[in-house]
Structure formats: C-alpha cells, structure tokens
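Trainee: coords please:
(one chain, ligands or ions: 1)
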Amino acid sequence: MIFNVLTLFPELIENSMNTSITGRAIKNDIIKLNTVNIRDFAENKHGQVDDYPYGGGAGMVMQAPPVYRAYKSIEDRIQKENKKKPRVIYLTPQGKVFNQKMAEEFSKEEELVFLCGHYEGIDERVLELIVTDNVSIGDYVLTGGELPALVMMDSISRLVDGVLNNKDSSVYESFYDNKLEYPQYTRPEEFMGMHVPKVLLSGDHKKVDEWRKEESLKRTLERRPDLLDES
Ligand code: 6GU
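Mentor: Residues are numbered from 1 along each chain as shown. Model prediction:
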C-alpha cells in the first residue's frame with residue numbers, strides 16, 4: 001500500500017505515521033508514505049497558495065493551480081509505472097462518514113491519494129477535477145484535513161497484510177462482526193480488591209469463548225445499540 005498525502009503540513013503526517021505500528025510497517029516496507037507539500041507547487045516565490053474568496057466572506061481559499069500541480073506530480077509517476085488511476089480522497093466534513101467497512105474497502109487498493117485542505121477549503125474546480133471520494137471522520141469541525149487523513153491511514157494500515165503481528169492481533173476487536181470488544185484483563189490477578197473474572201483463569205477455552213461472546217453482546221447493547229441494527 002502506498003499512501004500519498006497532499007498537504008501543507010507534511011511533517012505532521014510524517015511524524016505521526018513514523019510512530020508505533022505504522023512506523024514499523026513503513027520501516028519494513030509493508031506500507032509506503034509519500035507526502036507532497038502543496039507549497040512546493042506555488043506559482044510565486046513567496047510560496048503563497050491561498051487567496052481571498054470570490055464573492056467575499058471570511059477566510060481564505062486554497063488555489064486550484066498549486067493543488068492540481070501537486071496532484072499531477074503523483075499521477076505522472078503512477079502513469080509511468082503503468083498503474084491504474086488512484087482513488088483521491090478529499091477530507092471534508094461534507095463527506096461520507098468514515099467507518100470500518102470503508103476502511104476495509106480502501107485497504108484493497110494498491111495506492112491511495114489523500115488531499116488535505118486548510119482555511120475555508122479548496123477551490124471547487126480542482127476538487128471537481130481530481131477527487132473521487134469525499135470523506136469526513138465525524139460530525140464536528142477541525143482546522144484541516146491532516147488529522148482525518150491520519151485517522152484513515154491508521155485504520156487502513158492495520159488491515160494491510162503484514163502490518164499487525166501476533167502481538168497486535170486483529171481477530172477479536174471492536175467492530176469485528178459489528179460488535180464491541182469484550183473486557184480485557186492482565187496481571188495482577190487482584191487489583192485494589194477487584195478480581196479477574198474466574199472463567200478467564202479456568203483454562204476452559206470453550207467457556208472463555210462463550211463468556212467473551214456474551215460480554216461483547218452485552219456491551220454493544222449497553223453502549224452502542226445502533227451497531228446491532230446495522231448488521
Ligand atoms: Cl475530514 N475535515 C475537516 N476539516 N473537519 C472535519 C473532518 C474532515 N471530519 C470531521 N471534521
């Protein structure tokens with residue numbers, strides 16, 4: 001999987017992605033991160049890439065030409081490699097709300113492009129030209145698309161073969177089968193007078209499995225009953 005990120009803040013993307021599990025996957029060449037600084041494609045020597053909105057109003061708008069040229073630098077490379085045009089994801093609160101099913105779908109692509117906007121957004125014409133998917137990470141407002149892109153890349157990465165090892169196993173987890181994860185315990189067996197559920201110490205794998213399934217369902221009913229309607 002190659003993640004291409006068009007952004008004004010490449011160091012934010014790189015610092016985060018080079019940390020922890022995604023960082024290990026990048027080191028091991030299982031995923032690749034390619035950040036493209038939109039400012040490098042500015043027309044003027046000051047590197048300005050935004051301007052006042054036509055029609056007036058608050059804030060600044062990112063200009064179409066630098067965004068287009070930055071995107072084109074990725075597309076040209078992909079075309080040379082005889083690969084198909086990648087999906088281009090624009091991070092916007094106006095997009096479809098991201099979920100696990102979308103993460104699974106995106107993880108099947110061999111390459112993705114994330115477009116991160118700032119200020120009051122990006123000139124609509126370049127969006128029309130290059131964006132294939134508008135995605136939001138929830139109903140609240142952020143200052144830019146970088147954190148949403150990082151959220152998406154994190155969740156997509158862990159679905160890519162070889163990113164997780166046994167120790168960070170992904171079989172039983174929240175949203176596996178649209179259910180929340182069961183509670184987990186580790187040593188010590190007693191903490192502040194609270195004990196680990198006896199069944200987990202029993203060594204009876206069948207009983208443990210049953211207990212976990214039950215807790216999973218109980219927890220989902222209590223905390224996220226909306227998930228059960230979806231499945
Ligand atoms: Cl994807 N972008 C921005 N700027 N704000 C958001 C968002 C995205 N998703 C939720 N809020």
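Trainee: residue contacts, Asn28?
Mentor: Gly162 (C-beta atoms under 8 Å, 6 or more residues apart in numbering). In this view, the C-beta of every residue, glycine as well, is placed from N, C-alpha and C.
Trainee: Spell out the residue ranges of the helices in this structure.
Mentor: With helices called from DSSP state H, the chain shows them at 10-17, 20-27, 64-80, 100-106, 124-130, 146-157, 205-223, 225-230.
Trainee: which one of the ones you listed is the most hemmed in?
Mentor: Comparing the helices of the chain by mean neighbour count (mean count of other C-beta atoms under 10 Å), helix 146-157 comes out on top with a mean of 21.
Trainee: ok, that one near the ligand or not?
Mentor: Yes: remark: helix 146-157 sits within contact range of the ligand at Pro148, by C-beta under 6 Å from any ligand atom.
Trainee: Return the distance of that helix from the chain's centre.
Mentor: 2 Å (C-alpha atoms, centre = their mean, to the nearest Å).
Trainee: Need the contact partners of that helix.
Mentor: The contact list for helix 146-157 (C-beta under 8 Å, 6+ apart) reads 1, 3, 5, 7, 9, 12-13, 16-17, 21-22, 25, 31, 89, 91, 98, 100, 103, 106-107, 112, 114, 116, 135-137, 142, 163.
Trainee: which bits of the chain sit near the ligand?
Mentor: Contacts of the chain with the ligand, taken as C-beta under 6 Å from any ligand atom, map to Leu91, Thr92, Pro93, Ser136, Ile137, Gly138, Tyr140, Val141, Leu142, Gly144, Gly145, Pro148.
Trainee: quick one: which of those residues is most hemmed in?
Mentor: Greatest neighbour count in the residues of the chain next to the ligand, by other C-beta atoms under 10 Å, goes to Gly145: 30 neighbours.
Trainee: burial measure for Ile122, as a count.
Mentor: Ile122 has 25 neighbouring residues, counting by other C-beta under 10 Å.
Trainee: And it, how far from Leu8?
Mentor: 11 Å (C-beta to C-beta, to the nearest Å).
Trainee: returning to what we had before: can you list the helices of the chain in CSV and add mean pLDDT and distance to Gly193?
Mentor: CSV is the format used below for the helices of the chain (pLDDT from 0 to 100; distance: least, C-beta to C-beta, whole Å):
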stretch, mean pLDDT, distance to Gly193
helix 10-17, 98, 39
helix 20-27, 98, 33
helix 64-80, 98, 57
helix 100-106, 97, 37
helix 124-130, 98, 58
helix 146-157, 98, 37
helix 205-223, 97, 21
helix 225-230, 90, 32
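Trainee: Quick one, which of the ones you listed gets closest to Lys198.
Mentor: Nearest of the helices of the chain to Lys198, taken as C-beta to C-beta: helix 205-223 at 9.7 Å.
Trainee: contacts for the closest one?
Mentor: Helix 205-223 is contacted from outside by 172, 178-183, 197, 199-200, 202, 227-228, using C-beta under 8 Å, 6+ apart.
Trainee: Please repeat the previous calculation with a cut-off of 7 Å.
Mentor: Lys179, Leu180, Glu181, Tyr182, Pro183, Val199, Leu200, Leu227, Leu228 (C-beta atoms under 7 Å, 6 or more residues apart in numbering).
Trainee: For burial, what's the neighbour tally of the fifth one?
Mentor: If I follow you right, that is Pro183. 14.
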